[in-house]
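> I would like the atomic coordinates for the input below:
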Amino acid sequence: MSAAQAPASERIGHFMQKQIQGYLPDERPPVIKLLAFALQQLIVMFPATVTVALLTGFHVSTTIFASGLATLVFLFITKGKIPLYYGSSFSYIAAVVGMTGAKFGETAPDALISQAQFGIIMSGFVSIIAGVIVSRFGMDKIEKVLPASVTGSIALVIGGSLFGVALTNASSYNPDSVNLTSGNAWIAALVTLIATIAFSVYLRGVWKQLPILLGIIVGYLVSLPLGLVDFSPVIRTGFLVIPHFTLPTPSLAAVIAIMPIAIATIPESTAHLFQLDLYVNKLAEEKKPGKKYDIAEKLGLNLIGDGIGDIVASVFGGPAGTNYGENISTMAITKVFSTAVLRVAALMAIFISFVGPVSAFINTVPAAVINGACIYLFGVIAVQGVALMISKKVDIFDERNVAVIAVILVIGIGGSLGFPGGMIPFFGFSLPAIATAAVVGIVMNLALNIRRKEE
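Now for the predicted structure:
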């Protein structure tokens, strides 16, 4: 029977299935779309990854190179089944700065970077060991330690802790200025935000899958007459830039300061993976009913890949990394989860780390424009935490869950926004807010639920 002779209901169903936009992890877009999607992912990760380098004293070109290389290694280790992009982690900033003594925008001495590298490499082994344990004991045991009430809350904290960053950078806020914020920056940021949301909601076809890229382009064009774009770095930069590679130097102080951070980042990585599983399988239900992507079941492999990514990045002089919430948000909004796209984005990152003008040109995108889009993206990260708890049917009327969620949110978001650098002063120590929220949440959950089974 031909398609024309098929029952009307079958033809309509077939038509609707063809109209569903999006790419699953094992699907590859056509070349032009592939390049556009990859560029979008690159631009989304670029500001945060470069910011970490500027804050910690690491070399910017080396950091970009390490990000791309670690992503390729991660995708290889996970056999392309976990679509995540690996970028520089904010969780390690305070510990690394404690080693390098860096000031914003100033490169630290090689000797200090090398010592920090050693601590980051050791933290990578912590993630690998955790991944092996998860793979050995299975998800049911892990979900008792990391239930959705914890991982969903951590996702909320990750997004919420960045809310202030998005708004202050979008407005060019300067506490030393009389006017505090820039009117032109607000214009560029709001235009970018409105354009990104409008493109996400109202565009159709392939254009609907590029809302962040298109929104940033609109914001960039608006920024030109407002005088927010500075092309001088592009003119001054030489064409070929060789990343500044450094080798790690053994340091006990670096191990003590940096290695434990890896334990606290495991809930963050877990939250990202569960979010990804949720969105990928929702698209799979629409495109390929009956097909299941067991991404959440690969938590152990994800942690192993994450640890190896840290080691690979730091061997060459890059900072510690993590799978990026910004990139996950972009995939959730655009429904493009293709690992082929992330491979091309990683190759682009490696390429621009050697080509000075390209990297410098991307860096000309004003902070107001990037953070105008991030107002949306960071909010989506937080919303994904809510979606995760809803999908896992977390009972928010249960006193135990309420206590765990409440404390995680206050420590994580309150600590990030209330103290400089997100470091909570505590009996002479400085505790990183997000990491502390994760550890406290895990311990509270275990303590409050220790007798639940008997009850």
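> helices of the stretch 51-200 of the chain, residue ranges please.
Taking DSSP state H, counting those that start in this stretch, the helices of the stretch 51-200 of the chain run over residues 60-77, 93-100, 110-137, 139-145, 148-161, 163-170, 183-202.
> out of those helices, deepest packed?
Among those, ranked by average contacts under mean count of other Cβ atoms under 10 Å, first place goes to helix 148-161 (a mean of 26). Placement of C-beta: from N, CA and C, glycine included.
> packing partners for that helix?
Counting by 3 or more Cβ pairs under 8 Å, 6 or more residues apart in numbering; DSSP states H and E, the packing neighbours recorded for helix 148-161 are helix 261-287, helix 325-334, helix 367-391, helix 399-409, helix 415-418, helix 433-448.
> out of the ones you listed, nearest to residue 122?
Taking Cβ to Cβ, helix 261-287 is the member of these nearest to residue 122, at 8.3 Å.
> now for residue 192: which residues touch it?
215-216, 218-219, 222, 368-369, 372-373 (Cβ atoms under 8 Å, 6 or more residues apart in numbering).
> let me have the helices and strands packed on helix 148-161 in a markdown table, extended by distance to residue 241, mean neighbour count and mean pLDDT.
Output for these, formatted as a markdown table (distance: least, Cβ to Cβ, whole Å; neighbours: other Cβ atoms under 10 Å; pLDDT from 0 to 100):
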| stretch | distance to residue 241 | mean neighbour count | mean pLDDT |
| --- | --- | --- | --- |
| helix 261-287 | 30 | 22 | 82 |
| helix 325-334 | 24 | 25 | 84 |
| helix 367-391 | 22 | 23 | 83 |
| helix 399-409 | 42 | 18 | 93 |
| helix 415-418 | 34 | 19 | 86 |
| helix 433-448 | 33 | 21 | 87 |
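> so which of those is nearest residue 231?
That would be, of the helices and strands packed on helix 148-161 and by Cβ to Cβ, helix 367-391, which comes in at 14.7 Å.
> tell me the secondary structure for the closest residue to residue 231 other than its chain neighbours?
Sequence neighbours aside, residue 364 is the residue nearest to residue 231 in space, at 6.1 Å (criterion: Cβ to Cβ, 6 or more residues apart in numbering). At residue 364 the chain is in coil, as set by DSSP: H, G, I helix; E, B strand; the rest coil.
> shift numbering so it begins at 55
Got it, the first residue is 55 from now on, which makes the last one we talked about residue 418.
> possible to save the helices of the stretch 105-254 of the chain as TSV with mean pLDDT and distance to residue 466?
Shown next, in TSV, are the helices of the stretch 105-254 of the chain (pLDDT from 0 to 100; distance: least, Cβ to Cβ, whole Å):
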stretch	mean pLDDT	distance to residue 466
helix 114-131	93	25
helix 147-154	74	15
helix 164-191	90	20
helix 193-199	72	18
helix 202-215	83	3
helix 217-224	82	12
helix 237-256	92	24
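> before we move on, back to that, so the residue nearest to residue 285 makes contact with residue 289?
No - when contacts are counted by Cβ atoms under 8 Å, residue 418 is not listed as touching residue 289 (10.7 Å).
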